[in-house]
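Engineer: I would like to see how this sequence folds:
(chains A and B)
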Number of protein chains: 2
Amino acid sequence: MSATGTAVRARRRIAPALAPESTPPSGLPGRVVVALGGNALIRRGERGEFESQRRNTDMAASVIVKLAETVPEVVVTHGNGPQVGFLSLQAEAGLPDVPAPPLDVLGAETQGQIGYLLSQSLRNAFGGREDPREIAVVLTQVVVAVDDPAFQRPTKPVGPVYDETKARRLAGERGWTVAPDNQHWRRVVPSPAPRRIVEAAVIRRLVQAGALVIASGGGGIPVVEDDGLGLRGVEAVIDKDLAAVVLAADVRAEALLLLTDVDGVYRDWGTPERERIPLLTVDEAEAMLASGVLPAGSMAPKVRACTQFIRAGGKVAAIGPLDAATEVLLGQTGTRIVRA
Amino acid sequence: MSATGTAVRARRRIAPALAPESTPPSGLPGRVVVALGGNALIRRGERGEFESQRRNTDMAASVIVKLAETVPEVVVTHGNGPQVGFLSLQAEAGLPDVPAPPLDVLGAETQGQIGYLLSQSLRNAFGGREDPREIAVVLTQVVVAVDDPAFQRPTKPVGPVYDETKARRLAGERGWTVAPDNQHWRRVVPSPAPRRIVEAAVIRRLVQAGALVIASGGGGIPVVEDDGLGLRGVEAVIDKDLAAVVLAADVRAEALLLLTDVDGVYRDWGTPERERIPLLTVDEAEAMLASGVLPAGSMAPKVRACTQFIRAGGKVAAIGPLDAATEVLLGQTGTRIVRA
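Structural biologist: Numbering: from 1, shown residues only, chains lettered A, B, ... in the order given. Modelled structure (predicted):
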């Protein structure tokens, strides 16, 4: 047990008397939502071999255990891009013997798969500590608006790559929208904005009880709300970083960490003069978004999630590499976005 | 809102003052664990079409809403036999492009898939009520003993059927045990006894807070405990009814309902004189188990789960058809097993 770890735990126990908001006296946040990229669990070039996934979740877990020595309360969410891709490939190969599941069901399957591997690694990583904690994976549905403009404009590629002929044939047979993706074609689906986490009360209760909760995996299972009928799943994919902002508001987190395989936001990206930006105010970050200098498919949505979090009252948001999570939060690497 | 429903809720609120054990004054149990057969969600002959699964989970949800008018606190678990079978078929079809997941991971995927469909149906079914409740699916690992004798004697068939030649080839290639199953051959895996639910504290906390929890689906994800390394998944399948007994003990349920597609325990099964037995004492049930008159693959494990539950302090266990859950509990159909 490191001296730092002991200090954090002691602080955690006495914190309520000192600071009702649970902010540690040092000014560090008391509760953080951490979003892990889907590529943190299946790395580029891997095909979802389960031994590799276990190694990757063990690595992610050791990073989170270290982070928990600095921020006592950690809530975890994760992407599911590669996993949905592989499940789609299997589902398609299994046709016509077994019907292919719709995207909401595939999302639920990946929450089970990834949640299991990650929670097992986390439990093992915390198990050797003097203060082990409960780990809970809560299956999460996220409500989107039935009239979200994204439903008119599917842009998010999912599943396998095809040649143009096969893509167009599948589009005709299954009512898909397909689009070119580098040299290939892929199915594209709507990516509507997350509005509300259905299981918010359950998640909040477990977080308040001190559990480390894994929730809203893959951005959550996308559902719409229908006055007469209640909830029903839709064929869409929710951006997991934007869903993490909703999750962070629900659990009243003070910090949001978006961990990925790049090391932060860059000035002059794509040029030899490129330079990592260690700190941005929310005004500066919004100006960068408006100017269009950030890559649309990767960094722009992450920065947008950070600015939304700060505008909604968050204290600090940060983007950086998974293996340096604590350093990203402390501003030693990555990019931090703050109010002013 | 029926008069009965209102009475139950009123009773629920005043119960703590009258009866600390939360048993309603009428002698009805206050908390029940309900185990739904995997066939309740994919019926015989269905191939897992998602529209059918939704219809089936909607039906199961309406039964559970009705049950909740009699027993205020309901915890749900479910089988996953057909679902694991279909996912295995897809995984196999997807080889070699995507590695086939081990059984623990497949189990986790089915907890996601079934938990999602069932929780959405339950939320919708309770949503129209005057007292809607939180629904939570908790991903559940179940610890089995690494030296369980079942590991030496795999007996539980899983996944697709093969002809003998293919079955023997796969056995050689993948280290499987295979066995004849009616006219076909199938992979068989160990079915060790459930010892401990890893997420017990989390489940108990949510149940105590009034949530309807879905847990331990498919008998739970099978894991063993390794002193140095913590938990790790194993290639096995846990009987969901036996896992339901462990779940019932963890949440201190007074009743256990095993719902299936048969209508109870029969005397003289397989003869024209067969007769449903409405009530058995635990001694009588154990005598039937010992005499070997109960079908080994289907009814015997259910009766064994019931006797284990009663011996562990449960008040009433019952076996009967899903669509008559409340009537089974009240002894109007099915078979009830009680202490004496």
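
Engineer: so after the biggest helix by length in chain A, what's the next helix or strand?
Structural biologist: What stands out as the longest helix in chain A, according to DSSP state H, is helix A:103-127. Moving toward the C-terminus from helix A:103-127, the next helix or strand (DSSP states H and E) is strand A:135-138.

Engineer: export that next one as CSV, just CAs?
Structural biologist: The C-alpha trace of strand A:135-138 is given here as CSV (Å, rounded to 0.1, in the frame of the first residue of the first chain):
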residue,chain,number,x,y,z
ILE,A,135,-17.9,-3.5,-8.6
ALA,A,136,-21.3,-3.4,-10.3
VAL,A,137,-22.1,-3.5,-14.0
VAL,A,138,-25.5,-1.9,-14.6
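
Engineer: could you say what helices and strands the helix or strand that that strand is followed by packs with?
Structural biologist: The first helix or strand that comes after strand A:135-138 along the chain, using DSSP H and E, is strand A:141-143. Where contact means 3 or more C-beta pairs under 8 Å, 6 or more residues apart in numbering or on different chains; DSSP states H and E, strand A:141-143 is packed against strand A:196-197, strand A:221-226, helix B:103-127. (Glycine included, C-beta is placed from N, CA and C.)

Engineer: would you mark the buried spots in the last one?
Structural biologist: Read that as helix B:103-127. Going by neighbour count (16 or more other C-beta atoms under 10 Å in any protein chain shown), the buried part of helix B:103-127 is B:103-126.

Engineer: the residues you listed: which ones sit near chain A?
Structural biologist: Counting by C-beta under 8 Å from any C-beta of the partner chain, B:104-105, B:108-113, B:115-117, B:119-120, B:123-124 from those sit close to chain A.

Engineer: how about the residues of the stretch 151-300 of chain A by chain B?
Structural biologist: Checking the stretch 151-300 of chain A against chain B by C-beta under 8 Å from any C-beta, the hits are A:198-199, A:201-202, A:205-206, A:209, A:211, A:221, A:223, A:229-233.

Engineer: follow-up on the earlier one: which one of the helices and strands packed on strand A:141-143 lies nearest to residue A:136?
Structural biologist: helix B:103-127 (13.2 Å; C-beta to C-beta).

Engineer: and that closest one, average pLDDT?
Structural biologist: In this model, helix B:103-127 has an average pLDDT of 96.

Engineer: for the closest residue to residue A:58 other than its chain neighbours, what are its contacts?
Structural biologist: Computed as C-beta to C-beta, 6 or more residues apart in numbering or on different chains, the closest residue to residue A:58 that is not its neighbour in sequence is residue A:121, at 4.7 Å. By C-beta atoms under 8 Å, 6 or more residues apart in numbering or on different chains, the residues touching residue A:121 are A:54, A:57-58, A:60-61.

Engineer: repeat that for residue A:49.
Structural biologist: Neighbour list for residue A:49: residue B:99 [criterion: C-beta under 8 Å, 6+ apart].

Engineer: now do the one 5 residues further on
Structural biologist: With contact set as C-beta under 8 Å, 6+ apart, residue A:54 has these partners: A:117, A:121.

Engineer: if you skip the residues just before and after it, what's nearest to the residue of the stretch 101-250 of chain A found nearest chain B?
Structural biologist: Residue nearest to chain B within the stretch 101-250 of chain A: residue A:112 (2.6 Å; C-beta to the nearest C-beta). The spatial neighbour of residue A:112 that comes closest, neighbours along the chain excluded (C-beta to C-beta, 6+ apart), is residue B:112 at 2.6 Å.

Engineer: what residues are up against that neighbour?
Structural biologist: Residue B:112 makes contacts with A:108-113, A:115, A:139, B:139, as judged by C-beta under 8 Å, 6+ apart.

Engineer: repeat for residue A:60
Structural biologist: Residue A:60 neighbours (C-beta under 8 Å, 6+ apart): A:36, A:40-41, A:118, A:121, A:322.

Engineer: export the residues you listed to JSON lines and append columns for distance to residue A:72.
Structural biologist: Formatted as JSON lines, those follow (distance: C-beta to C-beta, whole Å):
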{"residue": "A:36", "distance to residue A:72": "19"}
{"residue": "A:40", "distance to residue A:72": "22"}
{"residue": "A:41", "distance to residue A:72": "25"}
{"residue": "A:118", "distance to residue A:72": "19"}
{"residue": "A:121", "distance to residue A:72": "20"}
{"residue": "A:322", "distance to residue A:72": "20"}
